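J.: Provided below for reference: sequence and predicted model.
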Amino acid sequence: MTTAEDQARLQAIEVALEARWPETRIAPSLERIAALVDILGSPQLSYPTIHVAGTNGKTTTARMIDSLMAATGLRTGRFTSPHLESILERIAINGESIEPKDFIFAYNDVAPYIELMDQKFEHPISFFEAMTAMAFVAFAEWPVDIGVIEVGMGGEWDATNVVEAAVSVITPIGLDHTAYLGNTLTEIAKTKGGIIKPGSSVILARQEPEAAVELMRRVAEVGAEVAREGVEYSLESRAVAVGGQLITINGLGQKYEDIFLPLHGKHQGANAATALAAVEAFFGGQELDPESVQAGFAAVRSPGRCEIVHSDPTVILDAAHNPHGAKAIAETLEAEFTFDDIIGIFAAFADKDVEGILTELEPVLGSIVVTASTSTRAMPVSEVERIATRIFGADRVTKVEHLEDAIKRTIVDARRPLSDDSIGIVITGSVVTVGQARTILKRLSSD
């Protein structure tokens, strides 16, 4: 149980961390984080790691790897970003968010050294660098048997790239964060491929040709061993099931059948195949116990990724924030749900390809409510409305200034007692939008 004193301390730590450079402000370099972990005694090297990069699916893939590892009996540490509702979600031990007292301990452990690094370098330690160091320390202190570490942005100069991963995983690469990563898939793949270490095992999800060529160039350059989706491993089949899907995976060592995955979408089946191949590679390519595989996948949860959080009407949250992610949720809605009409609630960041996202969503949404989260990065609602109107037409677009008002209004509109139509609501556009929507819906359900 969290005491009032711990809660107050936790809030103070979060304020202190958020006062640092935000995750969206990058000075591409490993110099600061390398010096920080060095003075901490290199905690990230005290346990083996699996390192996960990519544009889409990396958080869910990391969660799947974590769950599969736990099913084999290992103590796991998982570092992912960003969080939906609580900063504690970023650091997970044995599949659960870190306890507040352990988070406080980790911060107290690293804080003096962070301040020292602030004085040593031109740029201060960023929020993400501080969180990364805290995760490394927490996992070493626990201690864990395996760390599953998700890249924040890019790869080569990402703060997490001070690990010496036994297995590197790269999920599908698309255009995102182009201001930092480049304007072509080749440039982005080059940066993300920077996590591939000499002599390591590399699991490559299905990629666009130009990204695949660049990643394979990196593999050859460092002498890594590679397994590619569709070549060395694959998702053989999938069937929609109540609450998710039944899948069969051709792994590196054998075929795994009758796996229930409690997530929707073909892309999640592909993520599962990639996660399984990563775990097989970690164990040297040997066959895994089929029952452990089934148990690991059955326990997977991925909040905010095609997550059903409300009924009457059905409300689905999906953190798609680029066209690739929007295409995946659109295909899932069309293939696996039977709504007569779907209403979208959309709020995005100003630096995202909003036109590309809305273009992918338009065919599956009957109408869309444009709004904004409380983030300072949010695109003004009037600008979202302008773009949406061009794509959907004015008669299918409604503007509501605040996210909570948009959710309340849309839920009321979706309840149509004189109609037999099944109405779904999809809230999407950014991780922050989905996180705030999750909190709002919990509060509305409890009122």
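T.: The structure has been received and is ready for your questions.
J.: isn't Gly95 right next to Asp66, touching?
T.: Yes - in this structure, Gly95 is within contact of Asp66 by C-beta atoms under 8 Å, at 6.0 Å. In short, each C-beta sits where N, CA and C put it, glycine included.
J.: shared neighbours of these two, anything?
T.: The contact sets of Gly95 and Asp66 overlap at Thr76, Arg78 (C-beta atoms under 8 Å, 6 or more residues apart in numbering).
J.: among the helices and strands of this protein, which has the poorest mean pLDDT?
T.: None of the helices or strands of the chain scores lower by mean pLDDT, DSSP states H and E than helix 178-181, at a mean of 59.
J.: next secondary structure element downstream of that helix?
T.: Using DSSP states H and E, the helix or strand that follows helix 178-181 towards the C-terminus is helix 185-192.
J.: show me what the helix or strand that that following helix is followed by is packed against.
T.: Next in sequence after helix 185-192, counting helices and strands by DSSP H and E, comes strand 201-204. Here strand 201-204 touches strand 167-170, helix 209-222, strand 225-228, helix 266-282, going by 3 or more C-beta pairs under 8 Å, 6 or more residues apart in numbering; DSSP states H and E.
J.: try 6 Å
T.: Where contact means 3 or more C-beta pairs under 6 Å, 6 or more residues apart in numbering; DSSP states H and E, strand 201-204 is packed against strand 167-170, strand 225-228, helix 266-282.
J.: now do that strand: everything it contacts.
T.: For strand 201-204, contacts defined as C-beta atoms under 6 Å, 6 or more residues apart in numbering pick out 167-170, 196, 215, 219, 224-228, 274, 277-278, 281.
J.: just checking: what are the partner strands of that strand?
T.: strand 167-170 (parallel), strand 225-228 (parallel) (DSSP bridges).
J.: so where do the helices sit in the stretch 301-447 of the chain?
T.: 323-336, 354-361, 381-392, 403-414, 431-446 (DSSP state H, counting those that start in this stretch).
J.: same check on the stretch 1-150 of the chain?
T.: 4-18, 31-39, 58-71, 100-120, 127-141.
J.: now the angle from the first one to helix 127-141?
T.: For helix 4-18 against helix 127-141, the angle between stretch directions is 130 degrees (axes from the mean of the first three to the mean of the last three C-alpha atoms, to 10 degrees).
J.: any idea how far Leu215 is from the residue lying closest to Pro198 once chain neighbours are set aside?
T.: Leaving aside its sequence neighbours, Pro198 sits nearest to Val222 (C-beta to C-beta, 6 or more residues apart in numbering; 4.3 Å). Here Val222 is placed at a distance of 11 Å from Leu215 (C-beta to C-beta, to the nearest Å).
J.: kindly report the same for Ala277.
T.: Distance from Ala277 to Leu215, by C-beta to C-beta: 15 Å.
J.: the more surrounded of the two?
T.: Neighbour tally, Ala277 and Leu215, criterion other C-beta atoms under 10 Å: the higher count belongs to Ala277, 29 against 23.
J.: pretty sure the more buried one sits against Ser234.
T.: No - using C-beta atoms under 6 Å, Ala277 makes no contact with Ser234, being 9.2 Å away.
J.: neighbours of the closest residue to Ile423 other than its chain neighbours, just the number please.
T.: In space, and not counting its chain neighbours, Ile423 is closest to Ala414: 4.2 Å by C-beta to C-beta, 6+ apart. Look at Ala414: counted by other C-beta under 10 Å, it has 20 neighbours.
J.: quick one: which of Gly95 and Asp66 has more around it?
T.: Asp66 (29 against 16).
J.: bridge partners for the closest residue in space to that one that isn't next to it in sequence, pull those for me.
T.: Once flanking residues are discounted, Asp66 sits nearest to Arg78: 4.4 Å by C-beta to C-beta, 6+ apart. Following DSSP bridges, Arg78 is listed with bridge partners Ala92, Val148.
J.: so Arg78 sits against Ile93, correct?
T.: No - between Arg78 and Ile93 there is no contact under C-beta under 6 Å: 7.9 Å.
J.: those two: which is more packed in?
T.: For Arg78 and Ile93, the more surrounded residue by other C-beta under 10 Å is Arg78, and the numbers stand at 32 against 21.
J.: got a list of what the more buried one touches?
T.: Residues in contact with Arg78 (C-beta under 6 Å, 6+ apart) are Asp66, Ala92, Val148.
J.: Leu246 against Ala239, yeah?
T.: Yes - using C-beta under 6 Å, Leu246 makes contact with Ala239 at a distance of 4.9 Å.
J.: walk me through the domains of the protein.
T.: 4-298, 307-446 (automatic domain parsing).
J.: just the terminal-to-terminal distance for the last one.
T.: Translated: domain 307-446. End-to-end distance of domain 307-446 (C-alpha to C-alpha, to the nearest Å): 19 Å.
J.: same check on the first one?
T.: When the termini of domain 4-298 are compared using C-alpha to C-alpha, they are 36 Å apart.
J.: off-centre distance for it?
T.: How far domain 4-298 lies from its chain's middle: 9 Å, per C-alpha atoms, centre = their mean, to the nearest Å.
J.: so Phe282 makes contact with Val169?
T.: No - at 10.2 Å, Phe282 does not count as touching Val169 under the criterion of C-beta under 6 Å.
J.: who's more crowded, these two?
T.: Val169 (30 against 24).
J.: report pLDDT for that one.
T.: pLDDT, Val169: 98.
J.: now that Tyr107 has come up, it's in contact with Ile13, right?
T.: Yes - in this structure, Tyr107 is within contact of Ile13 by C-beta under 6 Å, at 4.9 Å.
J.: more crowded one of the two?
T.: Between Tyr107 and Ile13, counting by other C-beta under 10 Å, Tyr107 is the more crowded of the two (23 against 20).
J.: how far away is the more buried one from Ile91?
T.: If you measure Tyr107 against Ile91 using C-beta to C-beta, the figure is 11 Å.
J.: try Val52
T.: Val52 sits 15 Å away from Ile91, going by C-beta to C-beta.
J.: those two: which is more packed in?
T.: Shown here are Val52 and Ile91; by other C-beta under 10 Å, Val52 has more neighbours (34 against 26).
J.: show me where pLDDT drops low in the stretch 1-150 of the chain?
T.: Within the stretch 1-150 of the chain, the segments meeting pLDDT under 70 span 1, 23-26.
J.: can you count the residues close to the nearest residue to Glu360 once chain neighbours are set aside?
T.: Spatially, and ignoring its direct neighbours in sequence, Glu360 is nearest to Ala326 (3.8 Å; C-beta to C-beta, 6+ apart). Per other C-beta under 10 Å, the neighbour tally for Ala326 reads 25.
J.: Ala326 against Pro363, yeah?
T.: No - counting by C-beta under 6 Å, Ala326 sits too far from Pro363 to count as a contact (10.8 Å).
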